[in-house]
Structure formats: C-alpha cells, structure tokens
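S.K.: Generate a structure from the sequence data that follows.
(chains A and B)
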There are 2 protein chains.
Amino acid sequence: MTDTNPALVIEPLTAESFRSFGDVIEASHDARHFTINEGFAERYHDLAQVDVATGGGRAIVSIFKAKPRTLPMRLLLLERHPLGSQAFVPMSQRAYLVVVAPATPHAATPDVGAMRCFRAEPGQGVNYASGTWHHPLIALDAPSDFLVVDRGGAPGDHNCDEYPLGPRAAWIG
Amino acid sequence: MTDTNPALVIEPLTAESFRSFGDVIEASHDARHFTINEGFAERYHDLAQVDVATGGGRAIVSIFKAKPRTLPMRLLLLERHPLGSQAFVPMSQRAYLVVVAPATPHAATPDVGAMRCFRAEPGQGVNYASGTWHHPLIALDAPSDFLVVDRGGAPGDHNCDEYPLGPRAAWIG
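M.R.: Next up is the predicted model:
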C-alpha cells in the first residue's frame, strides 16, 4: 500500500471491546444459559439487542453470501442503519473482520479517527447497534455465508447512510 | 427397536415439502436476492415469517448447543409455541433432523399420525410457524450449534405446550 494513512490494528473481538458498537453473539460461559431438551441442548439466551421496531419495523432473517477479500485492502466507505440494529452470525466456520466507528446520532459523518477493526473467530457473531458506522463485512479465505437479522420496513424508509472515506481511506494490512 | 409403531420416513427438506409447517431458510436460487457491497455480497432477503409480536413479544437471538443423537432413536414428546415462530439456522456445517406435526390451533393435542421427519442438509435452516408441533431438534454425528430466532416475552407468558407421545412413541431408524 502507498497510503500514508496508518493501517488499522486488528484487535481480538470480545464483548467488552465491542460493547460501545453493539453485541458479540457467542455461546460464552458468561452468557445466561440453561439446559433444555432433557439434557440434549444448552440454550445461550437472548444474546443481542434486536432493536428494529422504530418506524414500524419488524425483524427479518436473511442470508448474505460474502466473497472473500484479500489483505492488504483499502476501506472506501462506511455505512450505518439509523432505524435498526443488524446482526451477522457466521454459518461457515471461518474467521472474518468487522470494522466499525462510533454512532453519531446527531451528525451526518463518522469520526474516522475512531475506527476500529476486530477479528471475529469462527462461532462469533456481531450485532451492530442502530447508528453504529461500519464497513461491509469482510470475509476472509473463502466464500462465507452469514445469517443476518435486521430491520424490515416500508419501501420508502431511509435506513442506510453511506459515507465515502475519500482521501481518508483507511486500510488493513 | 421393538416398537410396533412404524418408523418415520426421513424425507428431504424442501421449501415445498415443509410449507405447511413453516419456512426453509436457505440461499436458494428461488429466493429473492440482490447484490450489495459493491459486488462482494449477495443478499438472500427476508427468508422466514418471523411472527413474534403476539402478546407484546419481540424477536430474540440465542444459540443452542445441541448434543448429537444416535439412530435408531425413539421420539418421546412433541412441543409447540402458541405465541410465536421459532427459527433454527445451523452454525456448524452438518446435517440434522427436523420432526414436525401440523399445528392444531383449537385442540390441545397433535395429530401423531401426521408426523413427518425431514433431513436438513448443511446450510439449511428451518422456521417453525407459530403452533407447529415439533420434536426438539435432532443433531447428528457431532455437537452442533444453531442460531435461534424466536419470541421473547414477559416471564408469565405461556409459550410452550408439551405432549408426551407415551405408547404412541414414534421412532426414527
């Protein structure tokens, strides 16, 4: 890369490190869980704030089939969903990268200097809180499927803002 | 098995064969889909009827860690959730079995003779419609994780009926 902007550090994804951006969806020992089905299953219960009711929204379930990216890569834009949360849970057992910046509820643009990059390990999902700026999900190594739980609304709803990074384009090395 | 009851036939899981019980959640060519993220992802959109609002419910996201069963196995009970749908999507790339019987909205008991068993292939999820009778999910071969999208409500809500099969216990060979 010839960018003079510094590369984002790739941090481990933990509930604590991700807290200001949303939830980590994982079957961790810290999560509330209980045994069901006569001992044949353990339920790790209610792992994300599914926040989709604003403006008459409802929860919908979709699958994203993502093509892998190769590193180093340049990050050209961020987006946010002002009306609802958006959860991604890997259906393929592969790691992927999550790039976020803090929600800015009263301003149109993200704080690019506050961008963070997290490496999600297989079995870890994320739920972006409503308004959290994020780069599109970054699959690694191979095509990867994700279950997505986000907001379905009326056709005219405005639930996506995009912000091109332009000369402030960040990159991941 | 010494049961005199006949074994359930294991059928392939398809949207058509499962329609009267709920939805198959999969990235099939028939599903509405469109390209996003500048060509790096395909979104298979709104694949299940998430029906959780009855009685003030909301969508919640959980993970079930299921222990595998060995065949042949006896099916001892069915259950249903009268207040909401329940979706299971495999996070482990393994097949599993789904056993259902038609919803009986005005009666307390399922039609045991109408039970069906479907084999879900890796990448296929299911969404039980509210009221559909079902056996707890049957993982095969190895411990398997599932993302679950179902109804969260108030502590006193009655959202699970169980029906012990007793002498009518079915089995899968």
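
S.K.: just for chain A, where's the confidence low?
M.R.: Under the criterion pLDDT under 70, the flagged ranges of chain A are A:1-4, A:106.

S.K.: can you give me the helices in it?
M.R.: For chain A, the helices defined by DSSP state H occupy A:15-18.

S.K.: most distant residue from the middle of it?
M.R.: Going by Cα atoms, centre = their mean, the residue of chain A most distant from its centre is residue A:38, 34.2 Å out.

S.K.: give me every residue that touches that one.
M.R.: Contact analysis of residue A:38 by Cβ atoms under 8 Å, 6 or more residues apart in numbering or on different chains lists residue B:136. Using the backbone N, CA and C atoms, a C-beta is placed for each residue, glycine as well.

S.K.: now with 7 Å?
M.R.: The contact partners of residue A:38, by Cβ atoms under 7 Å, 6 or more residues apart in numbering or on different chains, come to none.

S.K.: What of residue A:151?
M.R.: A:52, A:57, A:81, A:83, A:84, A:159.

S.K.: Also residue A:143?
M.R.: Listed by Cβ under 7 Å, 6+ apart, the contact set of residue A:143 reads A:65, A:66, A:67, A:68.

S.K.: Does the last one touch residue A:138 like I think?
M.R.: No. With contact defined as Cβ atoms under 7 Å, residue A:68 does not reach residue A:138; the gap is 8.5 Å.

S.K.: Same drill for these two, tell me which one is more crowded.
M.R.: Remark: of residue A:68 and residue A:138, residue A:138 carries more neighbours, 22 against 14, as counted by other Cβ atoms under 10 Å in any protein chain shown.

S.K.: which residues does the more buried one bridge with?
M.R.: residue A:97 (DSSP bridges).

S.K.: quick one: contacts for it?
M.R.: A:69, A:96, A:97, A:99.

S.K.: and with 8 Å instead?
M.R.: A:69, A:73, A:96, A:97, A:98, A:99, A:172.

S.K.: Stretch A:136-143: how far from the chain's middle?
M.R.: Computed by Cα atoms, centre = their mean, to the nearest Å, the chain-centroid distance of stretch A:136-143 equals 12 Å.

S.K.: That one: which residues count as buried?
M.R.: Of all the residues in stretch A:136-143, those buried under the rule 16 or more other Cβ atoms under 10 Å in any protein chain shown are A:136, A:137, A:138, A:139, A:140.

S.K.: Then stretch A:85-97?
M.R.: Buried, per 16+ other Cβ under 10 Å, within stretch A:85-97: A:85, A:86, A:87, A:88, A:89, A:90, A:91, A:92, A:94, A:95, A:96, A:97.

S.K.: now stretch A:99-107
M.R.: Neighbour-count burial for stretch A:99-107 flags A:99, A:100, A:101, A:102, A:103, A:104 (criterion: 16+ other Cβ under 10 Å).

S.K.: ok, the fifth one - contacts?
M.R.: By Cβ under 8 Å, 6+ apart, the residues touching residue A:103 are A:21, A:80, A:129, A:130, A:131, A:132, A:133.

S.K.: mind running it again at 6 Å?
M.R.: Shown in contact with residue A:103 (Cβ atoms under 6 Å, 6 or more residues apart in numbering or on different chains): A:131, A:132.

S.K.: So it versus residue A:129, what's the distance?
M.R.: 7 Å (Cβ to Cβ, to the nearest Å).

S.K.: shared neighbours of those two, which are they?
M.R.: In contact with both residue A:103 and residue A:129: no residue, using Cβ under 6 Å, 6+ apart.

S.K.: give me every residue that touches residue A:13.
M.R.: Each residue near residue A:13 by Cβ under 6 Å, 6+ apart is listed here: A:118, A:120, A:124.

S.K.: what's the distance between it and chain B?
M.R.: 15 Å (Cβ to the nearest Cβ, to the nearest Å).

S.K.: Repeat that for residue A:150.
M.R.: Distance from residue A:150 to chain B, by Cβ to the nearest Cβ: 10 Å.

S.K.: give me the number of residues near that residue?
M.R.: Close neighbours of residue A:150, defined as other Cβ under 10 Å, add up to 24.

S.K.: rewinding a little: ok, the buried residues of stretch A:99-107 vs chain B, which is closest?
M.R.: Of all the buried residues of stretch A:99-107, residue A:99 has the smallest distance to chain B: 12.4 Å, by Cβ to the nearest Cβ.

S.K.: before we move on, the earlier item: can you put the contacts of residue A:13 in a markdown table and add neighbour count and distance to chain B?
M.R.: Shown next, in a markdown table, are the contacts of residue A:13 (neighbours: other Cβ atoms under 10 Å in any protein chain shown; distance: Cβ to the nearest Cβ, whole Å):
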| residue | neighbour count | distance to chain B |
| --- | --- | --- |
| A:118 | 22 | 18 |
| A:120 | 25 | 12 |
| A:124 | 24 | 10 |
